[in-house]
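> quick one: sequence plus predicted model below, questions after.
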Amino acid sequence: MGAAPQCTNITPAGQRRRRLAGWAALLAGLIVLAGLAYRDASPTAYLAIFPFALGAAFGFLQARNRTCVVLGLQGKAEVEGGGVRNVEGPERDQARAQAKRILWRSIVIAAVVTLVIVLATGLSFTLE
């Protein structure tokens with residue numbers, strides 16, 4: 001049983017934008033993480049990392065899978081030169097399925113990353 005063929009709903013420029021957004025979210029998250037560590041924040045304060053981890057996961061997974069979650073759920077695709085087009089039939093169903101997978105994977109990745117950070121900071125506070 002092979003994997004279903006992948007549908008693409010973003011252009012190479014769209015992939016670059018999403019990859020850049022992933023890097024920006026990751027960098028911002030690292031800055032927030034460093035600030036929390038510098039201020040010796042409580043472990044629950046580290047929950048603030050979640051939106052940055054989610055943004056990074058969204059950006060990287062969308063770029064890797066060449067699928068925009070928002071456009072995929074709307075049944076649309078980017079076109080060269082800007083703008084979007086509607087997609088129909090099996091391509092639309094596949095774009096929606098891919099968008100849902102990216103959405104859930106991003107949420108799971110962000111939750112796991114955040115949980116590991118919260119647990120790691122909680123352990124460091126109890127060891128002192």
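Looks like it arrived, so ask away.
> quick check: buried residues in the helix ranked longest in the chain?
Secondary structure of the chain per DSSP state H: the longest helix is helix 89-127. Neighbour-count burial for helix 89-127, with 16 or more other Cβ atoms under 10 Å as criterion, is recorded at 92, 94-96, 98-99, 102-103, 106, 109-110, 113-114, 117-118, 121. For the C-beta atoms, the positions are set from N, CA and C on the backbone; glycine is no exception.
> among these, which two are most distant?
Using Cβ to Cβ, the buried residues of helix 89-127 span at most 43.7 Å, a distance reached by 92 and 121.
> quick one on the thing from earlier: looking at the buried residues of helix 89-127, spot the one nearest residue 83.
The closest of the buried residues of helix 89-127, once distances to residue 83 are taken by Cβ to Cβ, is residue 95, at 16.5 Å.
> quick one: contacts for the closest one?
7, 9, 67, 71-72, 75, 77, 87 (Cβ atoms under 8 Å, 6 or more residues apart in numbering).
> most surrounded residue in those?
residue 9 (29 neighbours; other Cβ atoms under 10 Å).
> so that one touches residue 86, yeah?
No - with contact defined as Cβ atoms under 8 Å, residue 9 and residue 86 do not form a contacting pair (10.8 Å).
> tell me, what's touching those two both at once?
Residues touching both residue 9 and residue 86 (Cβ under 8 Å, 6+ apart) are residue 76.
> still on that earlier bit, how far out from the middle of the chain is the longest helix of the chain?
Relative to its chain's centre, helix 89-127 lies at 8 Å (Cα atoms, centre = their mean, to the nearest Å).
> now stretch 24-32
So, by Cα atoms, centre = their mean, the centroid of stretch 24-32 is 13 Å from its chain's centroid.
> could you give the mean pLDDT of it?
Stretch 24-32 shows a mean pLDDT of 98.
> which sections of the protein are below the confidence cut-off?
Along the chain, the parts satisfying pLDDT under 70 run over 1-5, 123-128.
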